[in-house]
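Asker: Pasting the sequence and the predicted coordinates here, then a few questions.
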Amino acid sequence: MRRYYLLFLFLLLLAVACREQEVLAPIVVFEEVDNADNLTQQIESIQLVPLENDGHYFGWSADLLLLDNGFLVVDKENCQIIRYDSKGRFLNRIGEQGNGPGEYPDVFNVQLSADKIVVFSSPGVTRHLFDYAGNYLGKEYVESGGQQFAVVPEGILCFSGYGIPEKC
């Protein structure tokens with residue numbers, strides 16, 4: 001019974017989160033289900049990929065970005081970005097915490113383009129650019145105080161949030 005309440009809560013949150021929003025990236029939509037067995041029929045496969053670990057741990061706010069040939073783990077809490085291949089083998093770090101070239105003081109968003117990894121950090125809004133091998137390509141300051149950013153073909157799409165007077 002508890003399982004059904006959790007499933008109902010998940011579907012309710014999904015419905016509220018997706019209401020009247022423009023979608024910029026593909027999302028997975030599940031059909032309404034009567035029980036958890038029907039939900040499992042909609043999942044094609046689940047794959048467990050253990051990540052190589054050299055003693056580092058990820059914080060509670062780590063994000064997983066899927067790449068064509070692997071994974072990018074964005075650990076905002078510990079200010080680290082690590083790239084793995086599709087088998088979970090460590091490939092490289094993308095920058096590190098700091099204030100010098102190739103460093104960022106914090107990470108509040110990471111976006112991917114075809115050939116770049118864009119790390120958004122402070123002060124203000126700073127875009128740190130890296131290639132997928134982890135090479136530092138430079139940084140730029142964004143003329144906006146937005147809260148979330150996405151790299152789009154036309155430039156940068158930003159979201160300032162409700163109640164914030166700044167336009168993006």
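Answerer: Happy to help now that I have it.
Asker: so where do the helices sit in the protein?
Answerer: 2-17, 36-41 (DSSP state H).
Asker: averaging pLDDT over each of those helices, which comes out lowest?
Answerer: Among the helices of the chain, helix 2-17 has the lowest mean pLDDT, at a mean of 56.
Asker: Could you measure from the residue nearest to residue 150 when sequence neighbours are not counted over to residue 55?
Answerer: Closest residue to residue 150 apart from its sequence neighbours, by Cβ to Cβ, 6 or more residues apart in numbering: residue 157 at 4.6 Å. (C-beta placed from N, C-alpha, C; glycine too.) Using Cβ to Cβ, to the nearest Å, residue 157 is found at 37 Å from residue 55.
Asker: picking up where we left off before, pull up the per-residue confidence for the residue nearest to residue 150.
Answerer: What the model reports for residue 157 is a pLDDT of 72.
Asker: Any idea what the closest residue to residue 151 other than its chain neighbours is bridged to?
Answerer: Excluding the flanking residues, the one nearest residue 151 by Cβ to Cβ, 6+ apart is residue 111, at 4.3 Å. With DSSP bridges as the criterion, residue 111 is bridged to residue 118.
Asker: before we move on, what about residue 92?
Answerer: Assigned bridge partners for residue 92, using DSSP bridges, are residue 83.
Asker: Strands of this protein, residue ranges please.
Answerer: Along the chain, the segments classed as strands by DSSP state E run 62-67, 70-75, 80-85, 90-93, 96-97, 103-104, 109-112, 117-121, 126-130, 136-141, 148-152, 155-159.
Asker: Tell me where the model's unsure across the protein.
Answerer: The model of the chain has pLDDT under 70 over residues 1-40, 143-148, 158-168.
Asker: about what we covered before: residues contacting the residue nearest to residue 151?
Answerer: Contacts for residue 111 were tallied using Cβ atoms under 8 Å, 6 or more residues apart in numbering; they are 117-118, 120, 149-151.
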